[in-house]
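how would this look folded up:
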Amino acid sequence: MAKVTMLNMAGAEAGVIELKDEIFGITPNEYAVHAVVKNYLANQRQGTQSAKTRGEVRGGGRKPFRQKGTGRHRQGHSTDPSQIGGGIVFAPKPRDYRYTLPKKLRRLAMKSALSSKVAEKEIIVLDELKFEAPKTKEMIKVLENVKAGKKALIVMAEKDETVVRSAANIPGVRTALVNTMNVYEIINHESFIVTQEAVKKIEEVYL
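Residues are numbered from 1 along each chain as shown. Down below sits the predicted model:
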């Protein structure tokens with residue numbers, strides 16, 4: 001088992017925590033991570049883009065000019081894509097980009113992302129993360145104490161509104177729960193900050 005030094009909110013050592021190799025110590029599968037990230041980004045697309053085809057644009061009717069004698073190319077319809085104000089060839093239409101991936105692949109990607117954070121020493125385990133009231137300054141101080149990167153993902157076992165609100169206005173910092181965190185956000189942030197309780201919950205969920 002990998003051993004990681006646990007810190008408190010002041011940045012001082014608060015013990016050592018053992019991380020299970022089945023979740024935090026596997027060899028990262030790049031294909032699984034790529035597939036899940038691609039799936040996540042595709043599922044975020046609204047798919048509302050739309051343009052008019054030649055059958056939908058205004059105009060048409062009679063032939064715009066006679067067939068011969070004008071010196072212009074032969075044209076039978078003013079809505080043709082080659083005309084100014086004409087339709088769009090293969091115009092994009094609203095569509096749903098969502099698709100699903102196998103559960104085993106998604107779990108492998110999550111374990112790979114977590115393992116890569118441990119291997120690259122980008123994981124920060126806190127014994128606890130609690131505030132008496134929502135204060136951005138206090139959260140900034142904690143992040144400085146634990147030497148977190150500019151982009152940090154804070155994962156909690158249970159939702160704590162004071163923590164969420166304290167981090168809400170800090171650029172590059174996001175909060176998530178164990179059951180809402182995703183592979184994209186894990187690899188997209190420099191520091192993966194997780195509480196001791198959250199580590200236990202992650203091991204319960206993904207073991």
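
Name the residue closest to the centre of this protein, please.
The residue lying closest to the centre of the chain (C-alpha atoms, centre = their mean) is Tyr184, at 4.0 Å.

Quick check: phi and psi at that residue.
phi -60, psi -50 (degrees, to the nearest 10).

Now do the SS call for the closest residue in space to it that isn't next to it in sequence.
Spatial nearest neighbour of Tyr184, excluding adjacent residues (C-beta to C-beta, 6 or more residues apart in numbering): Tyr40 at 4.5 Å. Any C-beta I mention is one placed from the backbone N, CA and C, and that applies to glycine too. Here Tyr40 is recorded as helix under DSSP: H, G, I helix; E, B strand; the rest coil.

One more: Thr5?
Applying three-state DSSP: Thr5 is strand.

can you pull the contacts of it?
Applying C-beta atoms under 8 Å, 6 or more residues apart in numbering, we find Thr5 in contact with 13, 15-16, 125.

Pairing-wise in the sheet, spell out the partners of it.
Beta-bridge pairing for Thr5 (DSSP bridges): Val16.

Give me the distance between it and Val199.
Here the criterion is C-beta to C-beta, to the nearest Å. By it, Thr5 lies 13 Å from Val199.

Overlap of the contact sets of these two?
Val125.

quick one: the closest residue to Gly172 other than its chain neighbours from Met181, how far?
With C-beta to C-beta, 6+ apart as the criterion, Gly172 has its nearest non-adjacent residue at 4.2 Å, and that residue is Lys151. Distance, Lys151 to Met181, by C-beta to C-beta: 14 Å.

neighbour-wise, which of these two wins?
In terms of neighbours (other C-beta atoms under 10 Å), Met181 is the more surrounded of Lys151 and Met181; the figures are 23 against 14.
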